[in-house]
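Chemist: the following comprises the amino acid sequence and a computationally predicted model.
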Amino acid sequence: MGCSMTPKRPRQSGLQRIKPLPGIKPLPGLKPLPGIKPLKGLPGLPGPRVKAPAGPVDPNTLNRLERAIAGRQPITAIYSGKHRQLGPIALGTKDGEHRLWAYQFGGESDYKCKCFVVSGLSDVEIGEGTCPTPDFDPGPLSCMDEAQGIQYAG
């Protein structure tokens with residue numbers, strides 16, 4: 001049994017179907033690729049993340065954080081809708097926002113040192129006992145650019 005080879009028809013270019021975008025001139029010497037359509041957004045994908053503006057800081061929350069740091073006491077709070085158990089380490093600011101550097105040792109997220117925007121904390125309560133010590137603390141430098149009033153619990 002032999003193999004019969006029939007000559008293939010040459011592929012037709014899709015250049016005839018592509019319409020130029022208004023106001024955009026092609027670069028000299030470049031030809032559009034066949035079958036490529038201009039993007040009109042990607043359905044189902046969110047747009048770029050936009051940092052929410054800093055909300056007002058509850059003075060009672062700030063006071064509780066300062067007392068917990070001074071007394072080396074743990075706190076419980078809600079942040080991003082999740083319950084957190086934190087050992088507060090430092091308070092400071094970055095880009096005009098109050099920030100808390102804390103070790104999360106319990107709650108609904110991973111356990112490690114993290115940066116929290118103070119205006120995003122709610123239901124802050126000071127706990128009993130002393131704060132657990134993290135195995136590794138990279139320090140609050142990535143969390144705070146202004147260290148005025150920074151306090152360390154550890």
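Modeler: Looks like it arrived, so ask away.

Chemist: what's the pLDDT at Pro46?
Modeler: Looking at Pro46, its pLDDT reads 46.

Chemist: for stretch 74-93, which positions count as buried?
Modeler: Neighbour-count burial for stretch 74-93, counted by 16 or more other CB atoms under 10 Å, picks out 74-75, 77, 79, 84-93. Every C-beta, even on glycine, is put in place using the N, C-alpha and C of the backbone.

Chemist: and for stretch 92-106?
Modeler: For stretch 92-106, a neighbour-count test (16+ other CB under 10 Å) marks 92-93, 97-105 as buried.

Chemist: let me have those residues in TSV, extended by secondary structure and distance to Gly55.
Modeler: Output for these, formatted as TSV (DSSP: H, G, I helix; E, B strand; the rest coil; distance: CB to CB, whole Å):
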residue	secondary structure	distance to Gly55
Gly92	strand	18
Thr93	strand	14
Glu97	strand	9
His98	strand	10
Arg99	strand	13
Leu100	strand	14
Trp101	strand	19
Ala102	strand	19
Tyr103	strand	24
Gln104	strand	21
Phe105	strand	26
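
Chemist: pick out whichever of those residues sits closest to Val118.
Modeler: In terms of CB to CB, no member of the buried residues of stretch 92-106 lies closer to Val118 than His98, at 3.8 Å.

Chemist: is the closest one in contact with Glu66, as I believe?
Modeler: No: His98 is not in contact with Glu66 according to CB atoms under 8 Å; the separation is 10.8 Å.

Chemist: how about residues contacting stretch 126-145?
Modeler: Identification of contacts with stretch 126-145 by CB atoms under 8 Å, 6 or more residues apart in numbering yields 64, 67-68, 71-76, 85, 87-90, 92-95, 99, 101, 103, 105, 112-113, 115, 150, 153-154.

Chemist: overlap in contacts of His98 and Glu66?
Modeler: Leu91.

Chemist: flag the shaky bits of the chain, pLDDT-wise.
Modeler: Where the chain drops to pLDDT under 70, the residues are 1-54, 146-154.

Chemist: so which residues of it form helices?
Modeler: 59-71 (DSSP state H).

Chemist: so Cys115 touches His98, yeah?
Modeler: No: using CB under 8 Å as the test, Cys115 is too far from His98 to be in contact (11.2 Å).
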